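In: with the input below, show me the fold.
(one chain, ligands or ions: 1)
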Amino acid sequence: MSLAFLLAASAAAAHEGATGVVAQRMDIMKQMGQHMKTLGTMLTGKTAFDQGTAQRLAETMHQHCEHVAHMFPPGSDGHHTEATPAVWTNRAEFDASMRRLDAAVEELMAAAASGDKVQLVAKFKAVGQECSGCHDTFRQKK
Ligand code: HEC
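Out: Predicted coordinates for the structure are as follows:
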C-alpha cells in the first residue's frame, strides 16, 4: 500500500467552509490519518515501538470507524465535501467498505494486544488498503 498516499491525505489543506457533519467526518478522517502516521513511524522504527501506544491508537481508530460510519447522512453531499456522489448513489458498496475497515481495525487491535510486531505490520498494511480502497471510489481525487 502507499504510505505516501496516507501522508499526503493527512497533509491536505484545511477545508474552510465545511460545517456540521461534513466538518466532523473530515476531522475524524484526519485523526485516523494521524493515528496511521504515528503507528507507521513506530512500525518502521523511526520512533521507538511501544505496545501500549499501539494498542491505544488501534482502539481509538476503532471508535473513530464506528462514529464516522454514521456521518454520511443523505443530503450531506454539498457543503465543501470531498466525498464523491457515489457515497449516496452506491450506498451498499460504501457501507460494505466501512465494514471492511472496521473488521481490519479489529484485527489491528488484536495484533496490538498480542504485541506481535510482524502481525501488527501485516494488519497495519491491511487497514491502509481499506483506507485507500474506499478513497479510490468514494473520495474526490486532488
Ligand atoms: C468507506 C470509505 C472510507 C474509508 C474506509 C476511509 N475513508 Fe477516509 N474518507 C472517505 C471520504 C468519503 C472522505 C471525504 C469526506 C468529505 O470530504 O466529506 C474521506 C476523507 C479522508 C481524509 C481527508 C480529511 C479532510 O481533512 O478532509 C483523510 C485524511 C482520510 N479520509 C483518511 C482515512 C484513513 C487513514 C482511513 C483508514 C484508516 C480512511 N480514511 C478510511 C472515505 C473513507
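In: quick one: what helix or strand has the residue most central in space within the chain in it?
Out: In the chain, the centroid-proximal residue (C-alpha atoms, centre = their mean) is residue 32; its distance is 4.6 Å. Here residue 32 sits within helix 20-43, counting by DSSP states H and E.
In: which residues are in contact with that helix?
Out: Residues from elsewhere that reach helix 20-43 (C-beta atoms under 8 Å, 6 or more residues apart in numbering): 3, 6-7, 9-10, 15, 18, 47-50, 53-54, 57-58, 60-61, 64-65, 67-68, 71-73, 76, 79-82, 117, 120-121, 124, 127-128, 131. For every residue, glycine as well, the C-beta is placed using N, CA and C.
In: which of those are buried?
Out: Among those, those classed as buried by 16 or more other C-beta atoms under 10 Å are 6, 9-10, 15, 18, 54, 57-58, 61, 64-65, 68, 71-72, 76, 81-82, 117, 120, 124, 127-128, 131.
In: return the residues in contact with residue 120.
Out: 43, 54, 108, 111-112.
In: highest neighbour count among those residues?
Out: residue 108 (27 neighbours; other C-beta atoms under 10 Å).
In: wait, that one sits on residue 123?
Out: Yes - counting by C-beta atoms under 8 Å, residue 108 touches residue 123, with 4.3 Å between them.
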